[in-house]
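Colleague: What would the 3D arrangement of this be:
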Amino acid sequence: MKRRLLLSVSALVASAALSFPLAAQAFTEGTDYITLEKPLAGGEGKLVKIWSYACPFCYRFDVGVDPKLVPAIESKTNLKFEPWHLETKGNFGRPASELLAALLLQDEAKGLNVESKDSQFKKAKDAWYTAYHRKNQRWPEGEAAFMKTGLDALGMDEAQANALRADPKAQALTDHWKAGYDIAKIQGVPAYVVNGKYLVMTQAIKSLGSFEELVVMLAKKE
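Modeller: Numbers count the residues shown, from 1 in each chain. So this is what the prediction gives:
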């Protein structure tokens with residue numbers, strides 16, 4: 001499964017560089033997507049991405065797919081892109097989720113998209129992604145060292161970060177993201193859920209164009 005997904009991701013990332021229009025195609029339930037038996041609470045009106053800083057496939061999608069997919073989806077549908085960090089994967093999943101949730105709330109208050117260069121969420125996410133996947137850091141010194149990687153990118157000290165993480169709204173959002181665990185168990189991460197109802201089967205995606213077309217189709221589906 002991992003090798004199959006790796007090949008799929010590589011092909012998808014390569015296709016992201018292409019801008020040729022693709023012919024419309026039919027999508028099959030059970031192959032290209034599945035209808036969730038239990039809808040994802042809070043996923044209504046959104047394209048939710050469930051991901052982890054420690055997931056190599058999440059990183060590849062983040063770099064090669066999301067920057068093109070997300071603007072296209074938000075321009076063609078009423079869906080809002082929302083990343084949910086999975087705290088059960090990675091040694092520092094919970095503290096990462098707490099800070100990311102707080103930063104996402106700050107960005108939203110400022111009207112910043114998560115793909116914006118000024119997004120605090122993006123700065124921390126990119127710092128951890130780069131350290132883990134490009135520099136092979138695993139932070140054997142512990143949580144403080146892990147957090148410092150993100151905080152240095154933000155220009156924030158530990159006291160400020162702890163205050164943000166402890167905020168009730170940030171804690172509530174972090175706990176809300178736990179619902180993504182049941183989705184991740186179906187096919188791993190990254191997992192893209194459309195409108196809280198439909199899970200994209202990422203291993204079946206052939207190109208960026210087909211991915212976009214599938215999400216647009218599912219956004220219109222009852």
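Colleague: Tell me where the protein has helices.
Modeller: Using DSSP state H, the helices of the chain run over 2-15, 56-64, 66-76, 93-109, 120-129, 143-154, 158-166, 168-176, 180-187, 208-220.
Colleague: Please convert those to a markdown table, extending it with mean neighbour count.
Modeller: In this view, the C-beta of every residue, glycine as well, is placed from N, C-alpha and C. Shown next, in a markdown table, are the helices of the chain (neighbours: other C-beta atoms under 10 Å):
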| stretch | mean neighbour count |
| --- | --- |
| helix 2-15 | 14 |
| helix 56-64 | 20 |
| helix 66-76 | 16 |
| helix 93-109 | 21 |
| helix 120-129 | 22 |
| helix 143-154 | 18 |
| helix 158-166 | 14 |
| helix 168-176 | 15 |
| helix 180-187 | 17 |
| helix 208-220 | 19 |
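Colleague: among those helices, which is nearest Glu37?
Modeller: Closest approach to Glu37 among the helices of the chain is made by helix 180-187 (9.8 Å; C-beta to C-beta).
Colleague: What's the mean pLDDT across that closest one?
Modeller: Per-residue pLDDT values over helix 180-187 give a mean of 97.
Colleague: same thing with stretch 98-105?
Modeller: The model assigns stretch 98-105 a mean pLDDT of 98.
Colleague: chain center to it, what's the gap?
Modeller: Offset of stretch 98-105 from its chain centre (C-alpha atoms, centre = their mean, to the nearest Å): 13 Å.
Colleague: same deal with stretch 196-203?
Modeller: 13 Å.
Colleague: next one: stretch 215-222
Modeller: With C-alpha atoms, centre = their mean as the basis, stretch 215-222 stands 19 Å off its chain's centre.
Colleague: what's next to it, contact-wise?
Modeller: In this structure, residues lying in contact with stretch 215-222 by C-beta atoms under 8 Å, 6 or more residues apart in numbering are 27, 33, 47, 69, 73, 76-79, 192, 194-195, 197-198, 200.
Colleague: Apply 10 Å and report the result again.
Modeller: Outside stretch 215-222, the residues that touch it by C-beta atoms under 10 Å, 6 or more residues apart in numbering are 24-27, 29, 32-33, 35, 45-47, 69, 72-73, 76-79, 192-195, 197-200.
Colleague: now those: which count as buried?
Modeller: 27, 32-33, 46-47, 69, 72-73, 77, 79, 192-195, 197-200 (16 or more other C-beta atoms under 10 Å).
Colleague: picking up where we left off before, would CSV of the helices of the chain with distance to Trp84 be doable?
Modeller: Below are these laid out as CSV (distance: least, C-beta to C-beta, whole Å):
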stretch, distance to Trp84
helix 2-15, 19
helix 56-64, 11
helix 66-76, 14
helix 93-109, 9
helix 120-129, 12
helix 143-154, 17
helix 158-166, 17
helix 168-176, 8
helix 180-187, 5
helix 208-220, 16
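Colleague: and the gap between Leu208 and Gly180?
Modeller: Separation of Leu208 from Gly180 (C-beta to C-beta, to the nearest Å): 23 Å.
Colleague: Let me fix that, I meant to ask about Ser116.
Modeller: To Gly180, Ser116 is 23 Å away according to C-beta to C-beta.
Colleague: Could you do Ser210 as well?
Modeller: Ser210 sits 24 Å away from Gly180, going by C-beta to C-beta.
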